[in-house]
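>>> Structure, please.
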Amino acid sequence: MPRPQPLRRLPVALLLSCAVLVSATGCGDGESGSGSTTNAVSSASPGVSPSASKQKLAKTRFVANAGLAAGATYQWIVKPYRAGSFKKGADGRTFALIKAGLAGGFAYNRLKAAAENAKGDPLLSKAVAPLTAGIESLKELGTKLRNGEAGAGDIGVFESVVNSIKEAGASVGAEVKDKVPSTSQLGQ
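From the prediction side, this is the model:
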């Protein structure tokens, strides 16, 4: 005759309850004395200072945002323009213009975010500061692209601003590489 199951499960249930209780009390809310020991340990360790890690993170974010802007500009604006996709009567013109308009807005937002990220690193901030006016000039170009009103000069402005951002990053050791966003990312 088999034994009843509840007796076998009792030790397991008791063990799990104790484990949950111990882990919950070990977490604490930061107001108890355990927080001061952690601060003492972290301040005694010879690691990277918080400001240095913030600067590195700022550079990383700058590179990511500028890379997405550069990739979107090249893939969805410059390349189709050079291929003649924006000309009247071209096959797929409407879709190319819609994608270019979305890419223009996306690139503008990513470049603004990159300029904001650059403020976290003093050298990068100095390199990018003169380019903020160029970034602001891109604000309305997304709409111009979408409406099919953008010409060679407008495409050149996009290209030159992105290249300037890439050069500014490279001058302080933050090399920007093109990272092409997907079409679903453009709409976000």
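>>> what sits against residue 101?
Residues counted as contacts of residue 101 (C-beta atoms under 8 Å, 6 or more residues apart in numbering) are 142-143, 145-147. Every C-beta, even on glycine, is put in place using the N, C-alpha and C of the backbone.
>>> what's the answer for residue 67, then?
Counting by C-beta under 8 Å, 6+ apart, the residues that residue 67 touches are 176-179.
>>> one more time with 10 Å
110, 114, 165-166, 169, 175-181 (C-beta atoms under 10 Å, 6 or more residues apart in numbering).
>>> I'd like those residues as JSON lines, with secondary structure appended.
As requested, the contacts of residue 67 are exported to JSON lines (DSSP: H, G, I helix; E, B strand; the rest coil):
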{"residue": "110", "secondary structure": "helix"}
{"residue": "114", "secondary structure": "helix"}
{"residue": "165", "secondary structure": "helix"}
{"residue": "166", "secondary structure": "helix"}
{"residue": "169", "secondary structure": "helix"}
{"residue": "175", "secondary structure": "coil"}
{"residue": "176", "secondary structure": "coil"}
{"residue": "177", "secondary structure": "coil"}
{"residue": "178", "secondary structure": "coil"}
{"residue": "179", "secondary structure": "coil"}
{"residue": "180", "secondary structure": "coil"}
{"residue": "181", "secondary structure": "coil"}
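>>> Narrow the residues you listed to those that are buried.
110, 114, 165-166, 169, 176, 178-181 (16 or more other C-beta atoms under 10 Å).
>>> Count the neighbours of residue 64 for me.
Residue 64: 16 surrounding residues under other C-beta atoms under 10 Å.
>>> Need the pLDDT of residue 23.
For residue 23, the pLDDT comes out at 48.
>>> Same question for residue 76.
92.
>>> Leaving out the residues flanking it, which one is nearest to it?
Take residue 76 and drop its neighbours on the chain: the residue closest to it by C-beta to C-beta, 6 or more residues apart in numbering is residue 103, 3.4 Å away.
>>> Can you mark which positions in the host helix or strand of that neighbour are buried?
Residue 103 belongs to helix 93-118 when assigned by DSSP states H and E. The neighbour-count check on helix 93-118 (16+ other C-beta under 10 Å) flags 93, 96-97, 99-115, 117-118 as buried.
>>> what's the answer for stretch 72-85, then?
72-78, 80-81, 85.
>>> Please pull out the lowest mean pLDDT helix or strand from the protein.
Lowest mean confidence among the helices and strands of the chain (mean pLDDT, DSSP states H and E): helix 34-44, at a mean of 42.
>>> And the very next helix or strand once past that helix, how far out from the chain middle?
Following helix 34-44 in sequence order, the next helix or strand is helix 50-73 (DSSP H and E). Distance of helix 50-73 from its chain centroid, counting by C-alpha atoms, centre = their mean, to the nearest Å, is 7 Å.
>>> and helix 50-73, which residues are buried?
55, 58-59, 61-73.
>>> just checking, residue 121 touches residue 174?
Yes - between residue 121 and residue 174 there is a contact at 7.9 Å, judged by C-beta atoms under 10 Å.
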